[in-house]
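> Okay, predicted coordinates and the sequence, questions at the end:
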Amino acid sequence: MRDNEPVSLYRDEAIVLRTQKLGEADRIVTVLSHRHGRIRAVAKGVRRTTSRWGARLEPFTHVDLQLAEGRSLHVVTQAETREPLGATIGADYPSYTAGTAMLEAADRLSGEDLEPAVQQYLLLIGGLRVLAAGERDPSLVLDAFLLRSLSVAGYAPSFEECARCGAPGPHRWFSAPAGGMACSSCRQPGSASPSPETVRLLSALLTGDWTTAAASDARSRRESAGLVAAYLQWHLERGLRSLSHVDR
Ligand SMILES: [Zn+2]
């Protein structure tokens with residue numbers, strides 16, 4: 001961009017998803033914003049020890065940004081912290097690993113850069129606030145987020161009616177390619193047969209029924225986490241790298 005070209009500035013609030021090094025002192029920051037979807041922008045001088053950015057452009061931070069449009073990458077011109085969610089989430093390892101998987105999922109499920117993704121943004125900020133509050137099992141918070149984020153992206157699973165023919169449930173067979181639980185006639189080869197408690201937990205996580213979810217036992221939580229991971233893997237070309245660090 002030449003100096004005499006007018007620069008178009010805009011503001012938005014966002015969650016920092018990840019950062020990568022660029023040259024000696026700069027970083028490329030990927031954020032999910034409220035109104036502009038995912039944005040990749042250069043933060044200049046962020047790696048210098050005297051940087052004015054501080055921790056404002058670290059993953060998990062909820063920031064107010066001012067950006068300048070660039071030809072390929074946008075440029076961060078101002079950043080103010082709204083909520084330092086990384087400080088609380090980072091202090092607890094299970095919350096940190098669950099939160100990291102949420103950031104990666106949001107990055108992968110938010111569509112193209114600059115394509116509005118308001119629901120994904122609201123799900124992410126809501127999920128991170130719950131994690132930071134530390135009152136719910138991080139693994140359940142993660143699975144609830146993944147199921148709802150997949151739904152917003154157009155991959156809503158069905159845990160009650162048969163995902164293929166709509167026959168009323170409960171059903172016995174789970175298959176990611178089928179889209180969730182399937183009846184005996186629609187059962188796919190290689191289907192899993194989760195326990196009824198696990199299916200109830202999955203349904204509760206999808207609908208936000210935390211009373212049922214909190215009452216679930218460890219075995220159902222492990223089983224449902226495996227099915228959520230399988231479902232996610234089926235809908236994304238590559239699985240989430242950070243999911244393997246979540247202890248369960
Ligand atoms: Zn069916």
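Great, that's in hand.

> From now on I want contacts and neighbour counts done on CA atoms only, so please keep to that.
Fine.

> average model confidence for the longest strand seen in the chain?
Under DSSP state E, the strand in the chain containing the largest number of residues is strand 9-22. The pLDDT scores in strand 9-22 average 96.

> Up against the ion, what does the chain have?
162, 165, 183, 186 (Cα under 5 Å from the ion).

> Between those, identify the one with the most neighbours.
Tallying neighbours with other Cα atoms under 10 Å puts residue 162 at the head of these, with 26 neighbours.

> re the thing from before, name the nearest of the residues of the chain next to the ion relative to residue 152.
Residue 152 lies nearest to residue 162 out of the residues of the chain next to the ion, by Cα to Cα, at 19.9 Å.

> Next, the closest residue to the closest one other than its chain neighbours: phi, psi?
Counting by Cα to Cα, 6 or more residues apart in numbering, residue 182 is the residue found nearest to residue 162 once chain neighbours are left out, at 4.4 Å. For residue 182, the backbone dihedrals (degrees, to the nearest 10) come out as phi -130, psi 150.

> what's around residue 182, how many residues?
Residue 182: 31 neighbours (other Cα under 10 Å).

> How about the contacts made by it?
By Cα atoms under 8 Å, 6 or more residues apart in numbering, residue 182 lies in contact with 161, 162, 163, 164, 171, 172, 173, 174, 175, 188.

> What helices and strands are in contact with the longest strand of the chain?
Here strand 9-22 touches strand 26-33, strand 62-68, helix 93-109, going by 3 or more Cα pairs under 8 Å, 6 or more residues apart in numbering; DSSP states H and E.

> Relative to residue 75, which of the ones you listed is closest?
strand 62-68 (5.1 Å).

> Which residues does that closest one contact?
Taking Cα under 8 Å, 6+ apart as the rule, strand 62-68 contacts 7-16, 41, 56-57, 74-85.
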